[in-house]
Each structure stands twice: as structure tokens, then as C-alpha cells.
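Student: next one to model:
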Amino acid sequence: MSDIQLFHEQSPNISYEALYRSTYAQVRKDFAHFCTPIDLQETPQPEEMLEAIVTMLHALEGDSLKMNSLFYRIDLSEKKKIPNGDIRSLALMILRREAQKVWIRANYSSPQE
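Tutor: Numbers count the residues shown, from 1 in each chain. Below is the predicted model of the structure:
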């Protein structure tokens, strides 16, 4: 089991595996505008997603325009830049925000016909 908890409760509408897949698909989609996203296995675990985000953030270091645009796209405050210079903490904030968006969509969107 993962040390990183992305979801406080399981969605009645979607499995954890599907939530993980959807979360990483969202990460890839958002990062694709700014760098080459990293491919992971079909159902990545949170630790793998975190490491991929850290790697992609390193690729964007020094480009404040891209970083600010990424924060806007993900819907994170620009004030939440790298906390104390810790890129892993920033990656975890991004991962949790992306997971939150996926969970909300899974639970509150109307079913697609």
C-alpha cells in the first residue's frame, strides 16, 4: 500500500486503480503544455507519480513563466511555489491537487451518455 494518501475516502463510482490512472492522465495532460511528460505503467502508484512530477519539475526549473503557467493550469496559487526550496513538497502539492480534481469529477460530474 502507498505511503502517500491521495484520497481520503474511496469513491463509490470509481476504483482506486481507476483514480490513480485518471490522476496520472491529468498530470500528463497538464504538464504536456510545458515539458515532455514521463510515461509510467498503466496503473501508477502515488510514489511513482510523485517521482515523475519531481523529474518534470526539475525540467522546468529556472523558467518562471512556464512554472507560473503550470500553477495556473493546475489551479495552485502562485504563492505556493517551491516551499523552502523543496521540490518534492511542491510535487506532492501538485499530485494532491490533481487527485482532488479527479475525485471531484468522479463523484460530482453527471454521467456521460
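
Student: what helix or strand is the residue most central in space within the chain on?
Tutor: Central residue of the chain (CA atoms, centre = their mean): residue 95, 3.2 Å from the mean position. Per DSSP states H and E: residue 95 is located in helix 87-108.

Student: now that helix: average pLDDT?
Tutor: Average pLDDT, helix 87-108: 89.

Student: name the helices or strands packed onto that helix?
Tutor: Judged by 3 or more CB pairs under 8 Å, 6 or more residues apart in numbering; DSSP states H and E, the packing partners of helix 87-108 are helix 16-31, helix 46-60, helix 64-74. From N, CA and C alone the C-beta is placed, and that goes for glycine too.

Student: the longest one: how far from the chain's middle?
Tutor: Which is helix 16-31. 7 Å (CA atoms, centre = their mean, to the nearest Å).

Student: now stretch 72-79
Tutor: Mean-position distance between stretch 72-79 and its chain equals 12 Å (CA atoms, centre = their mean).

Student: any buried residues in that stretch, and which?
Tutor: 74, 76 (16 or more other CB atoms under 10 Å).

Student: send the alpha carbons of that stretch over as CSV?
Tutor: Extracted C-alpha coordinates of stretch 72-79, given in CSV (Å, rounded to 0.1, in the frame of the first residue of the first chain):
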residue,chain,number,x,y,z
TYR,A,72,-2.4,28.4,-13.2
ARG,A,73,-3.3,25.3,-15.3
ILE,A,74,-3.3,23.0,-12.2
ASP,A,75,-5.1,25.7,-10.1
LEU,A,76,-2.5,26.1,-7.5
SER,A,77,-1.7,29.5,-6.1
GLU,A,78,1.5,31.0,-7.4
LYS,A,79,2.3,31.8,-3.8
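
Student: out of the helices and strands packed on helix 87-108, which is closest to residue 104?
Tutor: Nearest of the helices and strands packed on helix 87-108 to residue 104, taken as CB to CB: helix 16-31 at 11.2 Å.
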